[in-house]
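Engineer: sequence and predicted structure, then a few things I'm wondering about:
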There are 2 protein chains.
Amino acid sequence: MGYSLMAGGKRVRPVLLLCAGNAVGGNEEELLPFACAVEYVHTYSLIHDDLPAMDDDDFRRGKPTSHKVYGEGTAILAGDALLTEAFRLMAEAPLSSANPARAVRAIAELACGAGAEGMVGGQQMDLLAAPGRSAAADVTEISLRKTAALLASCARMGGILGGGTTDQVASLGAFGTQLGLLFQVTDDILDETGSFEEMGKGISKDRARGKWTYPVAYGLPAAVARAEELGREALAAVASFSGRAEPLRELVRRIQARRS
Amino acid sequence: MGYSLMAGGKRVRPVLLLCAGNAVGGNEEELLPFACAVEYVHTYSLIHDDLPAMDDDDFRRGKPTSHKVYGEGTAILAGDALLTEAFRLMAEAPLSSANPARAVRAIAELACGAGAEGMVGGQQMDLLAAPGRSAAADVTEISLRKTAALLASCARMGGILGGGTTDQVASLGAFGTQLGLLFQVTDDILDETGSFEEMGKGISKDRARGKWTYPVAYGLPAAVARAEELGREALAAVASFSGRAEPLRELVRRIQARRS
């Protein structure tokens, strides 16, 4: 659990939750256990996604994956424990005693974004789609569920826990969805261009596996245009927010400027 | 998810939660989503436990296990989704809107019993202990975490959600722990005796794997005596409860009378 939690990562999900909470006037320290919980959930999903029965990856961020270091059984259990402890962190947070009604809504939100209709459902679609059996039409649906659902949940959780209105929470959810799609298409663009520049093979890992991604399905120029459109839509979703939403806008710009 | 949830089973955990809730005057219908959630968690643990990287079982209750029917990747995801949806069921239950403070405590309770210090921790001990590397001393510790922790949580959840006092919840937790240990030792006794009567091999699966169980470590007569002692301790834990605890007492008797 500790190995994978501390193996690096951009911490986009907890940062998004904290920025969203901040945008509606929430207290960052109160939100911190929930921010940790979403990173636990993300980390568990990476451990399970890397397993031989799934994507079968030996390395992530330059380090051996959990099952390469500890074996498959322990890796499965580490993921299971991280997912379970995420809910424990939230339910035992001081905010959950102080304001249990908000906590219960945030817990439901995370379970919804991470569960069968969200992230795990997207991973199952991804699993069934590979290799060579997916269609271009599935690309957006898979990204929506596999990546954007959890990011939307993070943004909504911040809004709920920070005391946002129903409208604010909905706007933050829309922001999270667009940010999630932007994040995924940027990742896929980097996979494609990285495969030329870094690996010198001219073929990305996803392409080699017969998986469709946005740039694979529609080409690089269309993918770049799509990323710009998604960034604009994300910014539009929080246009009515005050200067407190500036960190959310900065998050969009940083994801657009990603080079790795 | 549906295949494994509906593949039979005694539903001991949800029944325990409902009986515990009933013993402190709780409303059964209000508790039902939480009762379903504990069965989701139990079912996920069976799916993952049966995987090739874990116990590598092809059959459970006479039916092919999840990964034999759907493949390993889907089985892992089905377990992940059941665990996540368990928390969603609880957080979205009507009782969680009506009494979020109780709901948050019950959610923390389940996460605690199912997580790294409870069930998953016990499964990791079990994994490291096999084959041929465990000691008799580990037997009770593994049973406590792998089986009894979740049953104790179920009983405590019923007590919390039903509006029990702190003392009542503690008594129900002690009852659940003893019931869990009784359940495990009865299972292990049936494995040993069943291996003679049904399989005709004279060696149980756990014994063949080099895993210690109570009867393997201490012999059958000691295991039968231990089961009787645990039953008495479970009944003693709820001795101060009224006639509303009669179903809890009946649960002890049924587990003691198990023949399969």
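Structural biologist: Great, that's in hand.
Engineer: next, A:Lys63: phi, psi?
Structural biologist: Note on A:Lys63: backbone dihedrals following degrees, to the nearest 10 are phi -110, psi 150.
Engineer: just give me the neighbour total for it.
Structural biologist: Burial measure for A:Lys63: 13 neighbouring residues, criterion other Cβ atoms under 10 Å in any protein chain shown. Backbone N, C-alpha and C define where each C-beta goes, glycine included.
Engineer: so the nearest residue to it once chain neighbours are set aside: helix, strand or coil?
Structural biologist: Closest residue in space to A:Lys63, ignoring its immediate chain neighbours: A:Ala7 at 5.2 Å, by Cβ to Cβ, 6 or more residues apart in numbering or on different chains. Under the three-state scheme (DSSP: H, G, I helix; E, B strand; the rest coil), A:Ala7 adopts coil.
Engineer: then the one 3 residues further on?
Structural biologist: Three-state assignment for A:Lys10 (three-state DSSP): coil.
Engineer: quick check, A:Cys154 in contact with A:Cys19.
Structural biologist: No - the pair A:Cys154 / A:Cys19 is not scored as a contact, 9.5 Å apart, by Cβ atoms under 8 Å.
Engineer: so for these two, which residue has more residues nearby?
Structural biologist: Set side by side, A:Cys154 and A:Cys19 show more neighbours around A:Cys154, with 35 against 26, by other Cβ under 10 Å.
Engineer: the host helix or strand of that one and chain B, any residue contact?
Structural biologist: A:Cys154 belongs to helix A:149-161 when assigned by DSSP states H and E. No - taking Cβ under 8 Å from any Cβ of the partner chain as the criterion, helix A:149-161 and chain B are apart, separated by no less than 10.9 Å.
Engineer: so how far is that helix from its chain's centroid?
Structural biologist: 11 Å (Cα atoms, centre = their mean, to the nearest Å).
Engineer: can you name every helix or strand that it contacts?
Structural biologist: With contacts taken as 3 or more Cβ pairs under 8 Å, 6 or more residues apart in numbering or on different chains; DSSP states H and E, helix A:149-161 sits against helix A:12-23, helix A:28-49, helix A:100-114, helix A:119-129, helix A:166-197.
Engineer: whichever helix or strand comes after the shortest one close to chain B?
Structural biologist: Put plainly, it is helix A:119-129. As assigned by DSSP H and E, the chain's next helix or strand after helix A:119-129 is helix A:138-143. No - between helix A:138-143 and chain B, judged by Cβ under 8 Å from any Cβ, nothing touches; the nearest distance is 13.5 Å.
Engineer: check stretch A:167-179 too.
Structural biologist: No - Stretch A:167-179 lies out of reach of chain B by Cβ under 8 Å from any Cβ, never closer than 15.5 Å.
Engineer: and the contacts of that stretch?
Structural biologist: Contact partners of stretch A:167-179, identified using Cβ atoms under 8 Å, 6 or more residues apart in numbering or on different chains, comprise A:16, A:20, A:23-24, A:144, A:148-149, A:151-156, A:158-160, A:164, A:230-231, A:233-234, A:237-238, A:240-241, A:248, A:251-252, A:255.
Engineer: 7 Å instead, please
Structural biologist: Contacts to stretch A:167-179, defined as Cβ atoms under 7 Å, 6 or more residues apart in numbering or on different chains, come from residues A:16, A:20, A:24, A:148, A:151-152, A:154-156, A:158-160, A:164, A:230, A:233-234, A:237-238, A:248, A:251-252, A:255.
Engineer: do stretch A:53-62 as well
Structural biologist: Residues outside stretch A:53-62 that contact it (Cβ under 7 Å, 6+ apart): A:7-9, A:46, A:48-50, A:64-65, A:68, A:127, B:72-73, B:76.
Engineer: the same query, at a cut-off of 6 Å, please.
Structural biologist: Outside stretch A:53-62, the residues within contact range by Cβ atoms under 6 Å, 6 or more residues apart in numbering or on different chains are A:Gly8, A:Asp49, A:Asp50, A:Thr65, A:Lys68, B:Glu72, B:Gly73.
Engineer: how many neighbouring residues does the closest residue to the second one other than its chain neighbours have?
Structural biologist: Going back to what we said before, that points to A:Asp49. In this structure, A:Asp49 finds its nearest non-sequential neighbour in A:Asp55, 5.4 Å apart by Cβ to Cβ, 6+ apart. As a burial measure, A:Asp55 scores 21 neighbours (other Cβ under 10 Å).
Engineer: wait, a strand at A:Asp55?
Structural biologist: No - judged by three-state DSSP, A:Asp55 forms no part of a strand; its state is coil.
Engineer: for A:Gln123, see how far away it is.
Structural biologist: As judged by Cβ to Cβ, to the nearest Å, A:Asp55 and A:Gln123 stand 9 Å apart.
Engineer: before we move on, what about A:Met157?
Structural biologist: Using Cβ to Cβ, one gets 21 Å for the distance from A:Met157 to A:Gln123.
Engineer: so for these two, which residue has more residues nearby?
Structural biologist: Remark: of A:Met157 and A:Gln123, A:Met157 carries more neighbours, 34 against 24, as counted by other Cβ under 10 Å.
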